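J.: Provide a 3D model corresponding to the input given below.
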Amino acid sequence: MREFSGFTGILYVLAEWIMWFFTVNILWFILNLPTVFLVASFFFSDPDVGIVTYLLPLVIFIPFLFVPTTIAMFATVREWILNTEQPSLTKAYLLHLKNSYKKSVGIGLALTGIWLIWLIDFQFFKSLNEMWGMVFLVFGCILFIYTVNLFSMSAHYQMKNTVLLKNAFFITVGNPVLSFFILASNLALFYVSITQLQFLLPFFTGALSTYLSFLVFYRFTLKVEEKTQATTSKEFDMK
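T.: Just a heads-up that it's a prediction; the model follows:
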């Protein structure tokens, strides 16, 4: 990264960040146009028609398109946060998508099944009682945090999918501060993007969400590693 001083340096860094977020987000958005269309159509259609016409195709597009492209975006963001050199943002993103596609599909299939179970339960219990609907809405928020943590872990660690699924659960339920920040920052970002600054959605929202989510996840992992090293050092000194 080149360095400039003063006001020129600030402008350069700002322009670089804008370019980076724009490039990654637009790549992800273009690849996910079928998914975006189906989601938008589902929410604006009659529920009975939408389930058959739009939700069923989503069951295919989410594991085979949305999840792999999103994990590739997390992997690209990870390299930027860790200051890893990249040939170019486009090449780096597409390379991550290619190399992790098979593994990402496995994660996508698991997540699709979990989210489908939640959606069916949410619709069922909401029809019975509004309070139950609120309870399952809270479960949905927890599931969203779990999904984000799973994406971060998939980009950061080389583990089997079963191990990733299990560890993401432990991180989600065992670290309320991390979970709160991920949920609050994403809700705030999505709220502003949907209600105030709609132009952010195709150009910046996805990349910004990924950056905020992975950054707090990465700092959490650093603290855990520091504590582990400190504990190991104390045990070694005692011996």
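
J.: Tell me the helix or strand right after the strand or helix carrying Ile10.
T.: Element membership for Ile10 (DSSP states H and E) is helix 6-31. Moving toward the C-terminus from helix 6-31, the next helix or strand (DSSP H and E) is helix 33-43.

J.: Helix or strand next in line after the worst-scoring helix or strand of the chain on mean pLDDT, which one?
T.: Within the chain, no helix or strand scores below helix 47-50, which has a mean of 65 by mean pLDDT, DSSP states H and E. Downstream of helix 47-50, the first helix or strand assigned by DSSP H and E is helix 56-61.

J.: Pull out the buried residues from that next one.
T.: Pro57, Leu58, Phe61 (16 or more other Cβ atoms under 10 Å). Quick note: C-beta positions are derived from backbone N, CA and C, even for glycine.

J.: Now do that helix: everything it contacts.
T.: Under the criterion Cβ atoms under 8 Å, 6 or more residues apart in numbering, residues Pro34, Thr35, Leu38, Val39, Phe42, Thr112, Leu116 lie in contact with helix 56-61.

J.: a markdown table for those, including distance to Leu143?
T.: Listed next are the contacts of helix 56-61 as a markdown table, based on distance: Cβ to Cβ, whole Å:
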| residue | distance to Leu143 |
| --- | --- |
| Pro34 | 23 |
| Thr35 | 18 |
| Leu38 | 20 |
| Val39 | 16 |
| Phe42 | 18 |
| Thr112 | 12 |
| Leu116 | 11 |
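
J.: Averaged pLDDT, the helix holding Ile10. What do you get?
T.: The average pLDDT within helix 6-31 is 88.

J.: distance between it and the chain's centre?
T.: In terms of Cα atoms, centre = their mean, to the nearest Å, the centre of helix 6-31 is set 19 Å apart from its chain centre.

J.: helices or strands next to it in the packing?
T.: Helix 6-31 sits against helix 67-81, helix 89-99, helix 206-238, with contacts defined as 3 or more Cβ pairs under 8 Å, 6 or more residues apart in numbering; DSSP states H and E.

J.: burial count for Phe190?
T.: Residues near Phe190, counting by other Cβ atoms under 10 Å, number 14.

J.: For Ile145, give me its contacts.
T.: Contacts of Ile145 (Cβ under 8 Å, 6+ apart): Thr172, Ser179, Ile182, Leu183.

J.: for Thr35, same thing?
T.: Leu58, Phe61, Ile62, Leu65, Phe66.

J.: The third one reaches Thr112, doesn't it?
T.: Yes: contact criterion Cβ atoms under 8 Å: Ile62 and Thr112 qualify, at 5.0 Å.

J.: Need the pLDDT of the residue sitting nearest the centre point of the chain.
T.: Nearest to the geometric centre of the chain sits Val148, at 4.0 Å (Cα atoms, centre = their mean). pLDDT for Val148: 98.

J.: quick one: which helix or strand includes it?
T.: Using DSSP H and E, Val148 falls in helix 130-156.

J.: Pull out the buried residues from that helix.
T.: 136, 143-156.

J.: which SS class is Gln158?
T.: coil (DSSP: H, G, I helix; E, B strand; the rest coil).

J.: End to end on stretch 28-46, go ahead and measure it.
T.: One end of stretch 28-46 to the other measures 28 Å (Cα to Cα, to the nearest Å).

J.: Now do it: distance to the chain's middle.
T.: 17 Å.

J.: Just give me the closest of the buried residues of helix 56-61 to Phe190.
T.: Leu58 (18.6 Å; Cβ to Cβ).

J.: how much space is there between the closest one and Glu225?
T.: Between Leu58 and Glu225 the distance is 38 Å, computed by Cβ to Cβ, to the nearest Å.

J.: quick one on the thing from earlier: run the angle between the helix holding Val148 and helix 89-99 for me.
T.: 100 degrees (axes from the mean of the first three to the mean of the last three Cα atoms, to 10 degrees).
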